[in-house]
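Peer 1: Coordinates for the following, if possible.
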Amino acid sequence: MFTPKIPVNDQPTGQIIPLNTTQGTVNGHPHAPSACHCHQQSPPATAPSRPTVQLTPGSLALLVGGGTAAVLVIGAVLVSMLLAVAITAGSLAIVALVIRSLINQERKH
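Peer 2: Model (predicted):
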């Protein structure tokens, strides 16, 4: 059930791709090189590359403001979680003191 099943091709296609090991010869123009009037197009000029992100003063201020807001929100969440853990630990300590006090009172009587 958990073993992989690899499909098997029951009927091979019979097409064999020939391996071309010889390099073909490049045939030149039938006329002399000086009389060649071929019009080969040169590749189009590439546009100057621009940086993908352009930081303007407005976008930089927005980026700094967004980062500051994210840090403040994450900090507030982490501080609230730490406060919740501290309150829980304090309440457990108080409960432990009350239980210990009750047990000690039972031993005295």
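
Peer 1: List phi and psi for Pro4.
Peer 2: With angles defined as degrees, to the nearest 10, Pro4 shows backbone torsions of phi -70, psi 140.

Peer 1: which residues touch stretch 54-66?
Peer 2: The contact list for stretch 54-66, computed with C-beta atoms under 8 Å, 6 or more residues apart in numbering, is empty. Just so you know, the C-beta spots here come from the backbone N, C-alpha and C atoms, and that holds for glycine as well.

Peer 1: could I get it in PDB with only the CA atoms?
Peer 2: The C-alpha coordinates for stretch 54-66 follow below in PDB (Å, rounded to 0.1, in the frame of the first residue of the first chain):
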ATOM      1  CA  GLN A  54      13.900  53.200  -7.000                       C
ATOM      2  CA  LEU A  55      13.900  54.800  -3.600                       C
ATOM      3  CA  THR A  56      12.500  58.300  -3.600                       C
ATOM      4  CA  PRO A  57      12.500  60.300  -0.400                       C
ATOM      5  CA  GLY A  58       8.700  59.700  -0.100                       C
ATOM      6  CA  SER A  59       9.000  55.900  -0.500                       C
ATOM      7  CA  LEU A  60      12.000  55.800   1.900                       C
ATOM      8  CA  ALA A  61      10.000  57.700   4.500                       C
ATOM      9  CA  LEU A  62       7.100  55.300   4.000                       C
ATOM     10  CA  LEU A  63       9.400  52.300   4.300                       C
ATOM     11  CA  VAL A  64      10.900  53.700   7.600                       C
ATOM     12  CA  GLY A  65       7.500  54.400   9.000                       C
ATOM     13  CA  GLY A  66       6.200  51.000   8.100                       C
END
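
Peer 1: Return the set of buried residues in that stretch.
Peer 2: By neighbour count with 16 or more other C-beta atoms under 10 Å, stretch 54-66 contains no buried residues.
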